[in-house]
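Peer 1: Take a look and give me a structure for this.
(2 chains)
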Protein chains: 2
Amino acid sequence: MSPDPDAGTGKADQVPESGSGPAATGPKATVGLDPAQLGLGDMDAAAFRRHGYAVIDWIADYLDGVGELPVLAKVAPGQIRDSLPVAPPVAPEPFETALADLDRVLMPGVTHWNHPAFHAYFAITGSGPGILGEALAAALNVNGMLWRTSPSATELEQLVLDWLRQLLGLPEGPRGIICDTASIATTLALAAAREQADVDVRQRGLTGRSDIPLLCVYTSEQAHSSVEKAAIALGLGRDGVRLIGTDPEFRMDTAALAEAIRADVRRGHRPIAIVPTVGTTSTTSVDPVAATADVRDEVAEELGHPVWLHVDGAYGGMLAVCEEHRWVLDGVDRADSFVTNPHKWLFTPIDCSALFVRDADALPRAFALVAEYLTTDDEDVTDYMDWGIQLGRRFRALKLWLVMRYFGAEGLVARIRHHVDQARRVAAWVDEHPDLEVAAPVPMSTVCFRARPRWLAGADEAALGDLNRRLLAGINATGAAYLSHTVLGDRYVLRLAVGNLRTTDERLDATCALIDRELSALRSR
Amino acid sequence: MSPDPDAGTGKADQVPESGSGPAATGPKATVGLDPAQLGLGDMDAAAFRRHGYAVIDWIADYLDGVGELPVLAKVAPGQIRDSLPVAPPVAPEPFETALADLDRVLMPGVTHWNHPAFHAYFAITGSGPGILGEALAAALNVNGMLWRTSPSATELEQLVLDWLRQLLGLPEGPRGIICDTASIATTLALAAAREQADVDVRQRGLTGRSDIPLLCVYTSEQAHSSVEKAAIALGLGRDGVRLIGTDPEFRMDTAALAEAIRADVRRGHRPIAIVPTVGTTSTTSVDPVAATADVRDEVAEELGHPVWLHVDGAYGGMLAVCEEHRWVLDGVDRADSFVTNPHKWLFTPIDCSALFVRDADALPRAFALVAEYLTTDDEDVTDYMDWGIQLGRRFRALKLWLVMRYFGAEGLVARIRHHVDQARRVAAWVDEHPDLEVAAPVPMSTVCFRARPRWLAGADEAALGDLNRRLLAGINATGAAYLSHTVLGDRYVLRLAVGNLRTTDERLDATCALIDRELSALRSR
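Peer 2: Now for the predicted structure:
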């Protein structure tokens, strides 16, 4: 794991950029090669075992020692790429050479998301069972596009999604699909909402028509950017997204929501979806989902057409595995769709995003399109390709299944509960610190805070913003922890998210001490 | 690997569906558990090493013996799901128990895409170095959404894409992004085309407007369904996609293309993109890309606005690694975008789809949207989140880099060339068979053929279709090989795709013998 970017990186033996192509030259070096490398087949079983053990050792060592590495990569733009050959190798290289280059060249440029002091964005864990699940899925290499192209992939996907529903305390009923990301899950949900608007978008599209009113989606100004991205992709545009204001605790103002919808209806626009968030990205605030469902019901009745309710619980939805926190999903049973990401707060390597849909036909109505070469005679099966854009579908259920079994429901609950406790511990420390202040409620595992030191009493927001920017840069430059930021109103604040399984209380205390040191250093400068 | 669905599947110790929730009961069984399972952390290093070695052994054995398994799963719908507990386990389970259930319960329901006789759809390989690359990527668990969230992920992605460009013999210039699937890559490309139409879709959307003509995309009737899916997602609708006819060899008729475009322009519609295919899914036919580029240039000049040229080489583009087959990419240097999938014919586990774009700003123009919490001070870097819909981005470049280094350019060329040879071998055998006929040219590694037996001389297409359906069902029911089908004109034909690294000539001969046997059996019935 010793970073040494100057060490040999196999720059010899490359395809010359202007050369006559890879096929023109013969093999040059066979030292250290597996016999199969020079043939026409794959790595053979003996070589796979040898290299596989080495990779397992590498990972075990990495996970054991990741906490000692600088969490945020300190490289200049282009540095990593410039350390690697500009052309691909002509001849095969020993697997060991590439693995050594991973250490020597790539690792200095890796920002360690699996690090116990990664507190930026949302803190996540690619856990042991999840990593091994990814390896198994890659070996099977199935594409679960149709039920028959791997019945176990489709049926395990259905099963683990139902397990997840039970873990979250949601009632029976919804059907699910595992997407790569919540960005795609929300795109699919809003596509279903768009199709429900009854203007036959799937067949006729939205262009060349004058019969389509402005289709509007409502979310809060604290919502994730993926809602707007989905609207862009779907042809609703940023103008089709209404960002509703929030209360002082950053929760959607449902009176403002109802008002915005009615104002749009008066203008002849058509509300098609409302997207409350359970655990916003900036502060993990929880929109009042049940109240948005009330608004939805009222509006839908007035309009005489349905309005889709999609709940974005990408991070925060998972909190509901703890019974005492299950209030965060109040009202989700009334939603048309709900997304929550096991790759965020359920210890599953990215990517794995669970989308639940109340009406199992809604996504196929928006997307189903079966080419002749994809037809089968199978009846009463789910062909997941009909549920979305992507035809290629990895066997993502496998890693989630292994994670759920390895930790068990109790273990998952205990770990998530612990992360909430850890965040509260940090918040309590901030509260007690004379020069820091908590900037938002802490319902989950993320603490928003900022420096407001006594020695800058009376400073304006610009000066405080500047100070906090420098504080964040100072903390992150140490490599000992990685925090991110957001802006709340006119306040620039730091975010410290907890969620990695290697984050001990001691490590968290050390990070608090680091914050304190960096703040003191700013005073003396 | 012995399938035994009746063996114990850990049905005890489950969360009762109507129970009081996972947190209510204490741990029950700790036999065989790792110490860390009962704590708050991840699988520890010692346990990871032990389970990791077991997984490596499992994979080595699997890949060594996969050719002996039934390639197409023979289970009834629901059978796999019904073999597994309806509720998640309350207490943690030993990793070994889950791995045993993979064998006992799941494997009988796996269709083996990594099988040497998987000849359906496109035959692919999750190769040894690629599988290990997935494990490493899952351990690092980085999200390459921003350059700074893992500089090595972004820069290795840029590097391997440029390596791939060189392998394909394409000129310098295009920039790339690794997508999950070609379905998404084509969606992004057509979104860029849509944005280029100069009606400000990103901001204003397509709804509530009467100023937007019908935006049209042109592809052939042999194109992949992903083009229509992308059009559905983007709000262009199926009506916005013009399926151009093909010549007798299933290549886009460019005269018909030009005519269709001009007819649309006369009607006031606006052509925004042309999507030729290099390696269509049914027959691997290659559209004349250069001729479509000529049409594009002429039309764009007449219209006075650009028309996007997107080349779908998801499978077939990879053939260009062989110099003698590089003609398949003639004209691609004039395209605005080009997609080809390392997870199809470059031995990389799914998912890994390479999208090249001539104008590096085209995708950000269509998609960039930076939330405050995602802003950085980094300059002159690529933040890939700006290039598409998905914010979460796995470190897919790592596996592709390992594959390229392990096999080397020469090794990749030799293997792809070999697959083409193998397909020709099958085609030659079909040609010589008195009761079979090749149904389309074989430029790549896929053979379309059908039975037209002497004993059914004079039979109509319905009877021949029925026979070939039964032939396909007979072959697939044996479990010894898995083929798929398509329909060409009014002819139902079988497809045999080559592309797995474990497919030996002997195995292919055995599959031919199987086809012959199954056909004979149909005669005697």
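Peer 1: sec struct for the residue in the stretch 351-500 of chain A that chain B sits nearest to, please.
Peer 2: Taking Cβ to the nearest Cβ, chain B has its nearest neighbour within the stretch 351-500 of chain A at A:Ala409, 3.0 Å off. No exception for glycine: its C-beta is placed from N, CA and C like everyone else's. Secondary structure state of A:Ala409, per DSSP: H, G, I helix; E, B strand; the rest coil, is helix.
Peer 1: As a check, name the ranges of all strands in the stretch 201-350 of chain A.
Peer 2: A:215-220, A:241-244, A:270-275, A:308-312, A:337-340 (DSSP state E, counting those that start in this stretch).
Peer 1: Those strands into CSV, with extra columns for mean neighbour count?
Peer 2: Shown next, in CSV, are these (neighbours: other Cβ atoms under 10 Å in any protein chain shown):
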stretch, mean neighbour count
strand A:215-220, 28
strand A:241-244, 21
strand A:270-275, 28
strand A:308-312, 28
strand A:337-340, 29
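Peer 1: Mind checking these for the one nearest to chain B?
Peer 2: Among those, strand A:215-220 sits nearest to chain B (Cβ to the nearest Cβ), with 4.4 Å.
Peer 1: Dump that closest one to PDB, restricted to CA.
Peer 2: Presented in PDB, the C-alpha positions along strand A:215-220 are these (Å, rounded to 0.1, in the frame of the first residue of the first chain):
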ATOM      1  CA  LEU A 215     -46.500  19.300 -16.400                       C
ATOM      2  CA  CYS A 216     -45.400  20.300 -12.900                       C
ATOM      3  CA  VAL A 217     -43.500  18.400 -10.300                       C
ATOM      4  CA  TYR A 218     -43.300  19.700  -6.700                       C
ATOM      5  CA  THR A 219     -40.500  19.200  -4.300                       C
ATOM      6  CA  SER A 220     -38.800  21.300  -1.700                       C
END
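Peer 1: Domains in chain A, by residue range?
Peer 2: A:22-100, A:174-369, A:408-524 (automatic domain parsing).
Peer 1: Next, work out how far apart A:Arg267 and A:Leu214 are.
Peer 2: 8 Å (Cβ to Cβ, to the nearest Å).
Peer 1: Comparing the two, which shows the higher neighbour count?
Peer 2: Set A:Arg267 next to A:Leu214 and count neighbours by other Cβ atoms under 10 Å in any protein chain shown: A:Leu214 wins out with 20 against 11.
Peer 1: What pLDDT is listed against the residue nearest to the more buried one when sequence neighbours are not counted?
Peer 2: In space, and not counting its chain neighbours, A:Leu214 is closest to B:Gly208: 2.8 Å by Cβ to Cβ, 6 or more residues apart in numbering or on different chains. Listed pLDDT for B:Gly208 reads 96.
Peer 1: before we move on, what about the one 4 residues further on?
Peer 2: Residue-level confidence at B:Ile212 comes out at 96, pLDDT.
Peer 1: Next, it: phi, psi?
Peer 2: phi -110, psi 120 (degrees, to the nearest 10).
Peer 1: OK, contacts around it?
Peer 2: A:Leu206, A:Thr207, A:Gly208, B:Val199, B:Leu206 (Cβ atoms under 8 Å, 6 or more residues apart in numbering or on different chains).
Peer 1: Please report how far the third one lies from B:Arg270.
Peer 2: What that stands for is A:Gly208. 9 Å.
Peer 1: okay, and the common contacts of the two?
Peer 2: Residues touching both A:Gly208 and B:Arg270 (Cβ under 8 Å, 6+ apart) are B:Pro213, B:Leu214, B:Leu215.
Peer 1: And for the first one, nearest residue in space, chain neighbours not counted?
Peer 2: Leaving aside its chain neighbours, B:Pro213 sits nearest to B:Arg270 (4.5 Å; criterion: Cβ to Cβ, 6+ apart).
Peer 1: Mind listing the residues bridging to that neighbour?
Peer 2: Beta bridges link B:Arg270 to B:Leu215, judged by DSSP bridges.
Peer 1: so what's it scoring on pLDDT?
Peer 2: So B:Arg270 comes in at 97 (pLDDT).
Peer 1: my guess is it meets B:Asp211, correct?
Peer 2: No. Here B:Arg270 lies out of contact with B:Asp211, judged by Cβ atoms under 8 Å, at a distance of 11.3 Å.
Peer 1: before we move on, back to that, and the residue nearest to A:Leu214, what does it touch?
Peer 2: Counting by Cβ under 8 Å, 6+ apart, B:Gly208 touches A:Ile212, A:Pro213, A:Leu214, A:Leu215, A:Gly240, A:His269.
Peer 1: Find the helix or strand that the residue nearest to A:Ala366 when sequence neighbours are not counted is a member of.
Peer 2: Nearest non-adjacent residue to A:Ala366, counting by Cβ to Cβ, 6+ apart: A:Glu195, 4.0 Å away. Taking DSSP states H and E as the criterion, A:Glu195 maps to helix A:182-196.
Peer 1: starting at the chain centroid, how far to that helix?
Peer 2: 17 Å (Cα atoms, centre = their mean, to the nearest Å).
Peer 1: Could you check the angle it makes with strand A:215-220?
Peer 2: 140 degrees (axes from the mean of the first three to the mean of the last three Cα atoms, to 10 degrees).
Peer 1: now the angle from helix A:182-196 to strand A:270-275?
Peer 2: 150 degrees.
Peer 1: Report the rounded mean pLDDT for helix A:182-196.
Peer 2: On average, helix A:182-196 scores 98.
Peer 1: Could you export it as PDB, CA atoms only?
Peer 2: Extracted in PDB, the C-alpha atoms of helix A:182-196 (Å, rounded to 0.1, in the frame of the first residue of the first chain):
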ATOM      1  CA  ALA A 182     -31.700   6.900  -6.700                       C
ATOM      2  CA  SER A 183     -31.200   9.200  -9.700                       C
ATOM      3  CA  ILE A 184     -32.500   6.500 -12.000                       C
ATOM      4  CA  ALA A 185     -35.200   5.400  -9.500                       C
ATOM      5  CA  THR A 186     -36.600   8.900  -9.300                       C
ATOM      6  CA  THR A 187     -36.400   9.200 -13.100                       C
ATOM      7  CA  LEU A 188     -38.400   6.000 -13.400                       C
ATOM      8  CA  ALA A 189     -41.000   7.100 -10.800                       C
ATOM      9  CA  LEU A 190     -41.500  10.500 -12.500                       C
ATOM     10  CA  ALA A 191     -41.700   8.800 -15.900                       C
ATOM     11  CA  ALA A 192     -44.600   6.800 -14.400                       C
ATOM     12  CA  ALA A 193     -46.100  10.000 -13.100                       C
ATOM     13  CA  ARG A 194     -45.700  11.600 -16.600                       C
ATOM     14  CA  GLU A 195     -47.400   8.600 -18.200                       C
ATOM     15  CA  GLN A 196     -50.200   8.800 -15.700                       C
END
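Peer 1: Report the inter-axis angle for it versus strand A:308-312.
Peer 2: Counting by the same axes, to 10 degrees, helix A:182-196 lies at 170 degrees to strand A:308-312.
Peer 1: Please report the number of neighbouring residues for A:Glu301.
Peer 2: Counted with other Cβ under 10 Å, A:Glu301 comes out at 11.
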